[in-house]
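S.K.: quick one, structure for this:
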Amino acid sequence: MLSFLEETVARNLVRYAAGQHMFCPQCQSSLDCKTTVITTDDVSNKVHVQCAECYGHPIGSFSTGIVHVYDGRDLWPSKSKLLWRYK
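M.R.: So this is what the prediction gives:
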């Protein structure tokens with residue numbers, strides 16, 4: 001579970017990346033905050049932005065050295081999860 005500050009920073013990072021890229025580089029579908037996944041690669045020191053579907057199907061050596069994953073699906077939970085979380 002992320003702290004409030006970490007969650008806020010991660011949400012803003014995903015919002016920024018989705019706004020900058022607008023389209024997934026692999027499948028060309030449009031990105032929004034709730035379906036964008038950001039990963040950092042330790043081998044090439046790069047940041048990869050992609051949609052949630054393409055994240056589930058890594059290509060080539062992309063999945064070799066993943067260090068951090070910021071998944072929009074986890075940062076914006078559904079309303080039922082949100083109500084349970086703050087009770």
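
S.K.: next, the nearest residue to residue 75 once chain neighbours are set aside: secondary structure please.
M.R.: In this structure, residue 75 finds its nearest non-sequential neighbour in residue 11, 5.1 Å apart by C-beta to C-beta, 6 or more residues apart in numbering. (C-beta placed from N, C-alpha, C; glycine too.) Secondary structure for residue 11, judged by DSSP: H, G, I helix; E, B strand; the rest coil, is helix.

S.K.: what pLDDT is listed against the closest residue to residue 30 other than its chain neighbours?
M.R.: For residue 30, ignoring the flanking residues on the chain, the nearest one in space by C-beta to C-beta, 6+ apart is residue 23 at 5.9 Å. Note on residue 23: pLDDT of 91.

S.K.: swap in residue 57?
M.R.: 70.

S.K.: so who does it touch?
M.R.: Contacts for residue 57 (C-beta atoms under 8 Å, 6 or more residues apart in numbering) come out as none.

S.K.: same for the strand or helix carrying residue 74, what does it pack against?
M.R.: Secondary structure from DSSP states H and E places residue 74 in helix 72-75. Contact here means 3 or more C-beta pairs under 8 Å, 6 or more residues apart in numbering; DSSP states H and E; on that basis helix 72-75 packs against helix 4-21, strand 36-41.

S.K.: mind redoing it with 10 Å?
M.R.: If you count contacts as 3 or more C-beta pairs under 10 Å, 6 or more residues apart in numbering; DSSP states H and E, helix 72-75 packs onto helix 4-21, strand 36-41, helix 52-55.

S.K.: how about these in a markdown table, adding mean neighbour count and distance to residue 68?
M.R.: As requested, those are exported to a markdown table (neighbours: other C-beta atoms under 10 Å; distance: least, C-beta to C-beta, whole Å):
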| stretch | mean neighbour count | distance to residue 68 |
| --- | --- | --- |
| helix 4-21 | 14 | 9 |
| strand 36-41 | 20 | 5 |
| helix 52-55 | 18 | 13 |
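
S.K.: so for residue 28, which of the ones you listed sits nearest?
M.R.: helix 52-55 (10.1 Å; C-beta to C-beta).
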